[in-house]
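Participant: Structure for the following, please:
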Amino acid sequence: MSRKNKFTPFANEADVFEIGNLMLENRLDRITISGDVDLTADQAGLALARRLHAQLGAVVEALEARELPARLPPPDVETVDNPFA
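Facilitator: Sure, this is the predicted structure:
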């Protein structure tokens with residue numbers, strides 16, 4: 001059984017893919033992975049591992065389809081006045 005996954009890597013700054021307590025957060029220039037998931041040696045663990053494998057495969061495909069720099073430049077940081085001061 002296959003479920004349609006709406007998480008398209010690097011497509012926007014909003015989507016989050018959750019598996020257990022592990023989150024993959026979408027950005028235009030990176031995917032942030034945080035949290036944890038237990039991949040147990042049972043049918044439930046296998047199902048979680050397959051979901052994670054499929055999503056990471058989609059990230060690899062998206063990266064391989066791009067022309068990539070050797071390293072991303074650091075983000076622009078802008079300081080603004082505190083509107084509450």
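Participant: who touches the spatially most central residue of the chain in this structure?
Facilitator: Nearest residue to the geometric centre of the chain (CA atoms, centre = their mean): Leu24, 3.2 Å. Contacts for Leu24 (CB atoms under 8 Å, 6 or more residues apart in numbering) come out as 7, 16-18, 31-33, 55, 59. (Glycine included, C-beta is placed from N, CA and C.)
Participant: does Ala49 count as helix, strand or coil?
Facilitator: Three-state assignment for Ala49 (DSSP: H, G, I helix; E, B strand; the rest coil): helix.
Participant: And the pLDDT for it?
Facilitator: At Ala49, the pLDDT value in this model is 97.
Participant: How far off centre is stretch 37-47?
Facilitator: Distance of stretch 37-47 from its chain centroid, counting by CA atoms, centre = their mean, to the nearest Å, is 20 Å.
Participant: now stretch 46-58
Facilitator: Its chain's C-alpha centre and that of stretch 46-58 lie 12 Å apart, by CA atoms, centre = their mean.
Participant: So the residue nearest to the centre of the chain belongs to a strand, correct?
Facilitator: Yes. Per three-state DSSP, Leu24 lies within a strand segment.
Participant: Distance of it relative to Ala65?
Facilitator: Distance of Leu24 to Ala65, given as CB to CB, to the nearest Å: 18 Å.
Participant: ditto for Gln55
Facilitator: 16 Å.
Participant: ditto for Phe17
Facilitator: In this view, Phe17 and Ala65 are 19 Å apart by CB to CB.
Participant: Between those two, which is the more surrounded one?
Facilitator: Using other CB atoms under 10 Å, the more surrounded residue of Phe17 and Ala65 is Phe17, with 22 against 10.
Participant: show me what contacts that one?
Facilitator: Counted by CB under 8 Å, 6+ apart, Phe17 has contacts 5, 7, 23-24, 26, 55.
Participant: Now do the SS call for the closest residue to the residue nearest to the centre of the chain other than its chain neighbours.
Facilitator: Distances taken as CB to CB, 6 or more residues apart in numbering place Phe17 nearest to Leu24, at 4.3 Å, with adjacent residues excluded. Reduced to three states with three-state DSSP, the structure at Phe17 is strand.
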